[in-house]
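1. model this:
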Amino acid sequence: MTGPDAAPARIDTSRPHPARVYDWWLGGKDNYPVDEELARRILAVDDTAVRGARANRRFMQRAVRAAAEAGVRQFLDIGTGIPTEPNLHQVAQGVAPESRVVYADNDPIVLRHAEALLTGSAQGSTDYVHADVREPGTILDLAARSLDFSRPVALSLVALTHYLSDAADGDDVHGLLKRYVDALAPGSHLIVSQVTPDLNPEAVGRAAELFARNGTPFHPRSLTEFARFFAGLRLLGPGIIPVTGWRPEPVDVAAQAEGIVPVYAGVAVKP
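-> Numbering: from 1, shown residues only. As a prediction, the model looks like this:
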């Protein structure tokens, strides 16, 4: 289903949702007391949470800009979350106004912002798919209404994969990513960031426990595990690196002085 009437409008406010927790960390207003409560509790045990949310947004912007400057004109953003300007389509269409963008998310509150998401440049287009990342067939089929998968697409999964388990626990995150990448044409880009225990194990472990207790399994991954997402692809420089260090701009350099952000980031091209 696609478009602003594609999904039920009911929003479950009895349990926190990762997109709304993330929204609170970013200073947004589209969250509920249950989301704020969990966001504050995680921040109390992991003071990198707000830095991480902001760093992820800036990474998305830099990576999308890099893909657009490399000539990519189609973008599929899965796990869109609640809009925070500049949105992905604004970045892509700022480089190339003819860019076509499809957003996909499973949170009904994102649906309420579909009109804003669907407002792009006159030359390009934006669309929205209400579906879960675990439904690659659905997302790819509906995205194909706007995107031509015979041509390069930049696939963005920013701050999403740590909510997906490994094969032994049900989700098979690596298998899921492979299904998406297999559908992409040569020249396509894969943009991913992921929380890691490598840089701050105790705090990240406590945050993962809080997420799990509140019904959201959370899976930090090591550098080796994260690198598997890019198997068979050509990593762009500087490779896999903590998120604030991926082609940093002045604001990212300044943010590095605030402390570590336990998130890995990488961008790769399909040969």
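2. Confirm that L147 sits in a strand.
-> No - assigned with DSSP: H, G, I helix; E, B strand; the rest coil, L147 falls outside any strand and is coil.
3. Wait, it touches V72, no?
-> No - using CB atoms under 8 Å, L147 is not in contact with V72, being 11.1 Å away. For glycine as for every other residue, the C-beta is placed from the backbone atoms N, C-alpha and C.
4. so what sits against both of the two?
-> V153 (CB atoms under 8 Å, 6 or more residues apart in numbering).
5. tell me the mean pLDDT over stretch 79-95?
-> Averaging pLDDT along stretch 79-95 yields 91.
6. before we move on, what about stretch 59-68?
-> The average pLDDT for stretch 59-68 rounds to 98.
7. In the stretch 151-271 of the chain, mark out all the strands, start to finish.
-> Assigned by DSSP state E, counting those that start in this stretch, the strands in the stretch 151-271 of the chain fall at 154-158, 189-195, 234-235, 241-242, 263-269.
8. is it possible to export those to CSV including mean pLDDT?
-> Below are these laid out as CSV (pLDDT from 0 to 100):
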stretch, mean pLDDT
strand 154-158, 98
strand 189-195, 98
strand 234-235, 98
strand 241-242, 96
strand 263-269, 98
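9. What are the buried residues along stretch 237-253?
-> Across stretch 237-253, burial judged by 16 or more other CB atoms under 10 Å covers 240-248, 252.
10. Apologies, that question was intended for stretch 148-166.
-> 152-164.
11. what does stretch 86-101 give?
-> Quick answer for stretch 86-101 (16+ other CB under 10 Å): 86-93, 95-96, 99-101.
12. Can you flag which of those residues belong to strands?
-> 100-101 (DSSP state E).
13. quick check, nearest of the buried residues of stretch 86-101 to A183?
-> R100 (15.9 Å; CB to CB).
14. Distance-wise, check that closest one relative to A44.
-> Distance from R100 to A44, counting by CB to CB, to the nearest Å: 42 Å.
15. With H89 instead?
-> Where A44 is concerned, H89 sits at a distance of 35 Å (CB to CB).
16. And stretch 222-233, end to end?
-> 19 Å (CA to CA, to the nearest Å).
17. D182: neighbouring residues, count only.
-> 11 (other CB atoms under 10 Å).
18. what's the answer for K29, then?
-> K29 has 7 neighbours, counted by other CB under 10 Å.
19. cool, S14 as well?
-> The burial count for S14: 8, using other CB under 10 Å.
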